[in-house]
Structure formats: structure tokens, C-alpha cells
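Colleague: Fold the stuff below for me.
(4 chains)
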Number of protein chains: 2
Amino acid sequence: MARLSDVIEEFIKTLLRESEGQLELQRNELADYFECAPSQINYVLATRFSLDQGYYIESRRGGGGYIRILRLDVDRNDYMHYLLSEGIGNRISENNALQIIKRMMDQEYITQETAYLMKSAVTDKAIGIPSSLRDNIRASILRSMITAVMAWDSRKT
Amino acid sequence: MARLSDVIEEFIKTLLRESEGQLELQRNELADYFECAPSQINYVLATRFSLDQGYYIESRRGGGGYIRILRLDVDRNDYMHYLLSEGIGNRISENNALQIIKRMMDQEYITQETAYLMKSAVTDKAIGIPSSLRDNIRASILRSMITAVMAWDSRKT
DNA sequence: ATTATATTAAGGTCAAAGAAGGTCAAAAAT
DNA sequence: ATTTTTGACCTTCTTTGACCTTAATATAAT
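Modeller: Residues are numbered from 1 along each chain as shown, chains lettered A, B, ... in the order given. Take a look at the predicted model:
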């Protein structure tokens, strides 16, 4: 018997194929459909639709809430994927971060303007706190922004 | 699926656009039109037309009462300067930061893409560290990015 | 005609209920 | 031992309704 999680995974991937890599779903509805606990949907998303696997997830609670899944264009974003999975890690110096941003710009993954903005967010000065935590925070922010760039890109088809 | 509050928000914003940023409406009439509780109008106003978000509301009860909504169209640089000098300060919550970014986008001070990127840099998740320092760091980063937007702009003239 | 009172027509507040999604750990299955 | 499934509990956002306050107008009393 195929594991339910696998079935749900396939189901979502089919939907994604039919909708050009972008879709919105209702967690409870889906759980209902498969007669499983709602949290199983989260499990599927966490184990099969992670960033490393090339997916980006946004959600909103409350009435009219939703879960939005974006399939990132992996081929086109090879370098950025590498950055997210290994290239950055938990800590990164100001210099390294600036270099990475410059390279993304050179490769035309991002515009000059975006590069400028990203740089502004990862400088020592921006992050403030004079502590060893700074490099960790920087890494986290940089990763978040790179993810955003990718998600934005695949969003407008 | 679409949240009623969102529909009402859009409705009001459209009216505002058509009337040069100033309009008067009848709470009960609007509630009637959307077939909702009158207090839902207040909810929409409170959550989407706050001062922070650039709107000012006046109202009057009793016969001939009304709700007047004004969109505050401050000069772009004025607003950003205000943000830098007083609006943000040393600490800012995730929600407030997102609101400010949304407003800058609404008023077309920044593009949707830039807004998306900026948001990604100031979320709790991006900043990581679970500590009271987070709001300080966020304020600092947000200020830095706003400065960058301004600088970028004045650079290409 | 003037003043006091009642009625009606607005809008305001707040808390409870409802409608999502999130987290985490225990139990079950492989 | 690892992965999957389930369920209890949490957080966030929205919707609804009961009750309150204020203003204008109509009516009654002086």
C-alpha cells in the first residue's frame, strides 16, 4: 500500500503541473479529501516541499486562510540553490555576503537596484548589535532574501 | 474564499482612488451592501486603514452621521524621512514593519518586488535569534533599506 | 416662542464565536 | 531505527451580535 504521504505528494505535484508551478490550497479541505489529520498536510509539505527540494511555501491563518505553494525554477537558479543549501550556512561575514550579492548581480540574477537593497540589509551597520551573533543573523537574512528573489521570479509566469 | 474584509478594503481603496484620496461613507449603508455586520466595517478600517498605514478617519454619529476617510499622501521623501527619524525608532515589531512596507508599496514608493524583498528581510524568521534584540535589529535593517531605496533613487538623476 | 423630553438615526466598543493554519510529541507502521 | 500518522493544544485573523454613545429631529410643556 502506497503511503498516504506519497499519494498526497503526487496529488500536489500534479496540481502544480496543471497550474504552472503555482497553487493555493486549503489545508483542511485537503485533509478532508484524504481523510487524514490536517497536520499530515504539514508533514508532507515539510518533508517533500522544502526549500532544498525547490519549493517555496507561504500561508495565512484565520478565515479565508490558505497555503500557497510555489515550485521554484531550479535549473535557472542553480547557483542560488547552492547558496541556500551549502554556500551560506549558519554564519557569514559582511565581506562574503557582499561578494555573493555582487556575483548574483554579475550573473544578472538580480538587478543592480535589488543588489543595492540587499547589500543595505546585510552590512554590519544594518544589523547593529556588536556580537558574535551578527554573522548568524546575516546568514539568515541573506538566505531569506535569496529565497524571496527566487520565489518572486517563479511567481510571475 | 476571498475574505470579505479584503473585498471591502479593495472597494474602499477604489473609491478613494476615484475621489482623490478623500471620501465619506455611511457605515450602515456599506454594511448593508456587503450584507455584513456594521461592526465589520470598523474592523476593516481598524486593520487596513490605520494611521500607520497612511489613512486618517473622522466620523460622526447621530442623524446624518458619516465616516470620512482620508488618504494621507505625504511626499515620498517626507514620509521616508519621517520613518527614519521618528517613525521607526530603535525597535519595531514584525507586524509594524510589514505594515510600513505595505504602505510604501501601496503608495508606489517602491515596487511590489522590492516590497517582497524587504519583507523577506525583516520577518521574525529571517532575523532568527529568539530574543528581545530582534525588534532592535529589525528596526535597524528596515532603516537601512529605506535609506538604500532613497539613495538609489537620488542616484539616478 | 422657548425649553424640555422623547424618538430615531446614526456610529462605537468589545467580547465571543468561528475559521483557518501551526506545532509538537506520542503512537503506529515500516 | 526511521518514517508516517494522529491528536491535543496553540496562534492568528475574521465575523457576528449585544450593548453603548452621540446627534438630529420631532413632540410636549411652559
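Colleague: domains in chain A, as residue ranges please.
Modeller: In terms of domains, chain A is parsed into A:4-71, A:78-155 (source: automatic domain parsing).
Colleague: Would you mind finding the most buried of the ones you listed?
Modeller: Among those, the stretch with the highest mean neighbour count (mean count of other CB atoms under 10 Å in any protein chain shown) is domain A:78-155, at a mean of 18. C-betas here are computed from N, CA, C, even on glycine.
Colleague: check whether it contacts chain B.
Modeller: Yes: for domain A:78-155 and chain B, the contact criterion (CB under 8 Å from any CB of the partner chain) is met by A:113-114, A:116-121, A:123, A:125-129, A:133, A:136-137, A:140-141, A:143-145, A:147-149, A:151-152.
Colleague: Among those, which are located in helices?
Modeller: The members of the residues of domain A:78-155 next to chain B that map onto helices under DSSP state H are A:113-114, A:116-121, A:125-127, A:136-137, A:140-141, A:143-145, A:147-149, A:151-152.
Colleague: Not counting its own residues, what contacts stretch A:141-157?
Modeller: With contacts defined as CB atoms under 8 Å, 6 or more residues apart in numbering or on different chains, stretch A:141-157 is touched by A:20-22, A:51, A:56, A:58, A:70-73, A:76-77, A:80, A:83-84, A:88, A:92, A:97, A:100-101, A:104, A:109-110, A:114, A:118, A:121-122, A:127, B:113, B:116-117, B:119-121, B:123, B:125-127, B:141.
Colleague: just how off-centre is it within its chain?
Modeller: Relative to the centre of its chain, stretch A:141-157 is centred 7 Å away, using CA atoms, centre = their mean, to the nearest Å.
Colleague: Just the CA trace of that stretch, in CSV.
Modeller: Presented in CSV, the C-alpha positions along stretch A:141-157 are these (Å, rounded to 0.1, in the frame of the first residue of the first chain):
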residue,chain,number,x,y,z
ILE,A,141,18.7,37.3,6.4
LEU,A,142,20.7,36.7,3.3
ARG,A,143,19.1,33.3,2.9
SER,A,144,15.7,34.8,3.3
MET,A,145,16.3,37.4,0.7
ILE,A,146,17.7,35.0,-1.8
THR,A,147,14.7,32.8,-1.3
ALA,A,148,12.4,35.8,-1.9
VAL,A,149,14.2,36.6,-5.1
MET,A,150,13.6,33.1,-6.3
ALA,A,151,10.0,33.0,-5.2
TRP,A,152,9.3,36.3,-6.8
ASP,A,153,10.7,35.1,-10.0
SER,A,154,8.7,32.0,-10.2
ARG,A,155,5.6,33.7,-9.1
LYS,A,156,5.1,35.9,-12.2
THR,A,157,4.5,33.5,-15.0
